[in-house]
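> sequence? don't have it. structure:
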């Protein structure tokens, strides 16, 4: 099929629950007058765990730091009212690779919500730092456009129980299929060779959900939070062990997921603007 010379852009936005950024679509008009719509290549990664203190922000900011270190164009979308991700970005120096941050927890009556949540056209990744206490009824909306969903869990009985319910609700409420390989668990703040670590691993292995990373309990993460750095941006001799633990995670994030139908449906000429 021959594609004509006109390239048009569609902006498709949804603000339901205020947890989804605008999605930019590219529409090409063919000679026969048909419209072909392709989502611009951009991965959306949601870091989710309703329990506070599970390490969501640590995962989110270090992912953003990793993609920036790789000379990509990450967007960090902070829905946590504490604003820790926003403060981390503000600590970064002008000489560091840029990270676009959106304070999604803020409300601005002077502009539309869709405009506030817009992302730059050249963005390669959107990392969503979700707030604590997200209700399971919101999971379908929170995760609808997510290419990958990361669930950090700590090695404690309370955290294991919360993780179990979160995985259950992602499968049953959000209707995410295991075979899509969209959900990954991150064992966080781990001290190996302890009874709690062994109990956590045994539990995670029963879920049928991949353990995509095991992150040790390291002071480097506290230093990174203070300095506006990611562990990949620290001196290699200081953070070598931490960086190695992220390798399985970033490899899993690069794996393609099963194709899903866009929730916006096909583009039509009525909503296309030049």
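That came through, no problem. Here the structure is a predicted model, which means the values were calculated and not measured.
> Remind me what the one helix or strand residue 163 maps to packs against, helices and strands.
Assigned by DSSP states H and E, residue 163 falls within helix 157-172. Contacts defined by 3 or more CB pairs under 8 Å, 6 or more residues apart in numbering; DSSP states H and E place helix 157-172 against helix 139-143, strand 148-153, strand 183-190, helix 195-205. For glycine as for every other residue, the C-beta is placed from the backbone atoms N, C-alpha and C.
> And the third one, how far out from the chain middle?
If you compare the mean C-alpha spot of strand 183-190 with that of the full chain, they lie 14 Å apart, counting by CA atoms, centre = their mean, to the nearest Å.
> same deal with the last one?
Using CA atoms, centre = their mean, the distance from the centre of helix 195-205 to the centre of the chain it belongs to is 25 Å.
> What angle do strand 148-153 and the next helix or strand after that helix make with each other?
With elements assigned by DSSP H and E, the helix or strand that comes after helix 195-205 is strand 211-216. Counting by axes from the mean of the first three to the mean of the last three CA atoms, to 10 degrees, strand 211-216 lies at 40 degrees to strand 148-153.
> by how many degrees do strand 211-216 and strand 183-190 diverge?
Using the same axes, to 10 degrees: strand 211-216 against strand 183-190 is 10 degrees.
> Okay, buried residues for strand 211-216 please.
211-215 (16 or more other CB atoms under 10 Å).
> Could you tell me the least trusted of the helices and strands packed on helix 157-172?
If the helices and strands packed on helix 157-172 are sorted by mean pLDDT, helix 195-205 sits at the bottom with a mean of 85.
> got a list of what residue 72 touches?
124-125 (CB atoms under 8 Å, 6 or more residues apart in numbering).
> Kindly recompute the last result at 10 Å.
Neighbour list for residue 72: 43, 64, 66, 97, 122-125 [criterion: CB atoms under 10 Å, 6 or more residues apart in numbering].
> Show the buried residues in these.
43, 64, 66, 97, 123-125.
> Skipping its backbone neighbours, what lies nearest residue 196 in space?
In space, and not counting its chain neighbours, residue 196 is closest to residue 155: 4.0 Å by CB to CB, 6 or more residues apart in numbering.
> Out of the buried ones among the contacts of residue 72, flag the one nearest to residue 166.
residue 43 (21.1 Å; CB to CB).
> isn't the closest one right next to residue 119, touching?
No - using CB atoms under 10 Å, residue 43 makes no contact with residue 119, being 11.8 Å away.
> who touches both of these two?
74, 125-126.
> so of the residues you listed, which ones are in strands?
Judged by DSSP state E, strands contain the following of these: 74, 125-126.
> Now do the SS call for the residue sitting nearest the centre point of the chain.
Nearest to the mean C-alpha position of the chain, by CA atoms, centre = their mean, lies residue 45 at 2.1 Å. Put simply, residue 45 is strand when judged by DSSP: H, G, I helix; E, B strand; the rest coil.
> my guess is it contacts residue 151, does it?
No - judged on CB under 10 Å, residue 45 makes no contact with residue 151 at a distance of 11.8 Å.
> Now residue 207: closest residue in space, sequence neighbours ignored.
residue 167 (5.5 Å).
> Over to residue 63?
residue 127 (5.1 Å).
> ok, the one you found - contacts?
43-47, 59-64, 66-67, 74-78, 85, 99, 101, 148, 150.
> List the contacts of residue 82.
52, 57, 105, 129, 131-132.
> Of all the helices and strands packed on helix 157-172, which one is nearest residue 227?
strand 183-190 (19.4 Å).
> Would you mark the buried spots in stretch 174-194?
174, 176, 181-190.
> quick one: terminal-to-terminal distance for it?
End-to-end distance of stretch 174-194: 34 Å, with CA to CA, to the nearest Å as the criterion.
> Now do that stretch: distance to the chain's middle.
Relative to its parent chain, stretch 174-194 has a centroid offset of 14 Å by CA atoms, centre = their mean.
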